[in-house]
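Q: fold the following.
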Amino acid sequence: MLHDIGKVTIPVEIINKPARLTNREFDVIKTHPINAGVHLVKRNFVNENTFKGIVFHHERWDGTGYPNGLDGDKIPLFARIITVADVYDALTSNRPYRAPMQPSEAIEYIMGGCGSIFDVDIVKVFLKKIAPYPAGKKVKLSDGRIATVVRNNPEHPLRPVVKINGTSEVIDLLKDTNSMNITIKEVI
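A: The predicted model follows:
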């Protein structure tokens, strides 16, 4: 809940800008983890793990993040966890400059960033806990049929078990060999 508290130190016109940030504006945004950690939260207000999570949640697994360009296991564990959750939240939330992504699209993005942006092990755990298609959700399949999600496959959250609406047909999008090319196109 505190990871982006440093954004209170960023001018609101930059935070709410409805277009791409300039390099200068992005440099201002990049100050928010240090502003949070050093000026707002400080080590004595939260425990050490939380403090490091706040300060380093924009570091990337490959060392291209900020504020310190840490890489791999040099990035504190809490920061690696917050990074995945923060990106998922950002991608699936409405922003002044873009509409939210479908949860499945955000998961695809995160999976694509394994080993470069994100710690692979953290993403694996995240995928077991997130359900882009919760049970009961209605979805449109790639073959045009409408279905309802019956249950999730924890190891493969993008391939749930679905029941075709108006029929008794149940398809496991992970295991049913007759349906391997069927995917979920959108949530209804």
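
Q: going by C-alpha atoms from here, please, whenever you check contacts or count neighbours.
A: Fine.

Q: what's the least confident helix or strand in this protein, going by average pLDDT?
A: helix 42-45 (a mean of 69; mean pLDDT, DSSP states H and E).

Q: neighbours of Asp27, how many?
A: 11 (other Cα atoms under 10 Å).

Q: mind checking the longest helix of the chain?
A: Scanning the chain for the helix with the most residues, using DSSP state H, yields helix 77-92.

Q: now do the longest strand anywhere in the chain, average pLDDT.
A: Determined from DSSP state E, the single longest strand within the chain is strand 146-151. For strand 146-151, mean pLDDT rounds to 96.

Q: list of residues touching the helix or strand following it?
A: Remark: after strand 146-151, the chain's next helix or strand is strand 161-164, criterion DSSP states H and E. Applying Cα atoms under 8 Å, 6 or more residues apart in numbering, the contact partners of strand 161-164 are 145-153, 169-174.

Q: and if we set it to 7 Å?
A: Ile146, Ala147, Thr148, Val149, Val150, Arg151, Asn152, Glu169, Val170, Ile171, Asp172, Leu173 (Cα atoms under 7 Å, 6 or more residues apart in numbering).
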